[in-house]
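>>> Build me a model from this:
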Amino acid sequence: MFTGLVQQIGRLERISFQGAAGRLALSASFDAPLQIGESVAINGACLTLVEQAGAHLVFDILQETFAKTSLRDKSPGSPLNLERALRLGDPLGGHLVSGHVDGTGELRRAESAGRDKVLVVSAPGLIADIVPKGSIAVDGVSLTVVEVSPSAGTFTVHVIPHTWSQTALSSLPAGARVNLETDMLGKYVRASMAGAAAPAALTWDKLRGAGFLG
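Next up, the predicted model:
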């Protein structure tokens, strides 16, 4: 479990595969040592650390993860948002993020709004799970949705100067794909509602039978 608060920016070294399994190598320095086997969110995708030598970190990655995230778009030297897994007692400053990417969106454009940046993201396949003032993780960064346009399949988020300067979001060009994880609670509510029976039609006889009419 994560919070969407990026702790470090790493640099991709390489991604290699043998069959369906592979390794992702990057360089990054954390304040506290990492432990082999621990989970780290890399651009919002939860991966397991399997090797480390100083700032050199290696993670297991499945072909499925590679195919369904924007990690396959990255080249050596690309900046990556990193966050270690949440521990009991840690402050929850962002929102609950599982590290299981729902899909990718496309950054349409980044605009200035005073000191902030406004990102317009296209994600027609996920738009039903995105609501104004709800939370969303964009490349692992916890952000608040400002506007949603279901007809256009787009949503907007505001990024404050600190987040812009301390994450890899500032390196994204227009047209870049981003990993998206929609709000966890919203997904459960939607799944629950999908299985619920449609409410029965309200009629005058039912109102009379319930005592609302004389």
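>>> Give the buried residues for stretch 60-73.
Across stretch 60-73, burial judged by 16 or more other C-beta atoms under 10 Å covers I61, T65, F66, K68, T69, S70, L71. Glycine gets a C-beta too; all of them are placed from N, C-alpha and C.
>>> make that stretch 88-95, sorry
Buried, per 16+ other C-beta under 10 Å, within stretch 88-95: G94, H95.
>>> Show the average pLDDT along it.
If you average the pLDDT over stretch 88-95, you get 83.
>>> what comes into contact with it?
F2, T3, G4, L5, L86, S135, A137, S142, D183 (C-beta atoms under 8 Å, 6 or more residues apart in numbering).
>>> what's the distance between the closest residue to the fifth one other than its chain neighbours and S29?
Counting by C-beta to C-beta, 6 or more residues apart in numbering, M1 is the residue found nearest to L86 once chain neighbours are left out, at 4.7 Å. Between M1 and S29 the distance, using C-beta to C-beta, to the nearest Å, works out to 23 Å.
>>> about what we covered before: of the contacts of stretch 88-95, buried ones?
Among the contacts of stretch 88-95, the ones that count as buried by 16+ other C-beta under 10 Å are F2, T3, G4, L5, L86, S135, A137, S142, D183.
>>> List the contacts of the third one.
The neighbourhood of G4, defined by C-beta under 8 Å, 6+ apart, consists of E83, G94, H95, V97, S135, A137, G140, V141, S142, L143.
>>> Which one's more surrounded, M1 and S29?
When neighbours are counted by other C-beta atoms under 10 Å, M1 and S29 differ, and M1 comes out ahead with 16 against 9.
>>> Low-confidence stretches in the chain?
195-199, 214 (pLDDT under 70).
>>> per-domain residue ranges of it.
Domain ranges of the chain: 8-84, 103-185, per automatic domain parsing.
>>> ranking the ones you listed by burial, who's on top?
domain 103-185 (a mean of 18; mean count of other C-beta atoms under 10 Å).
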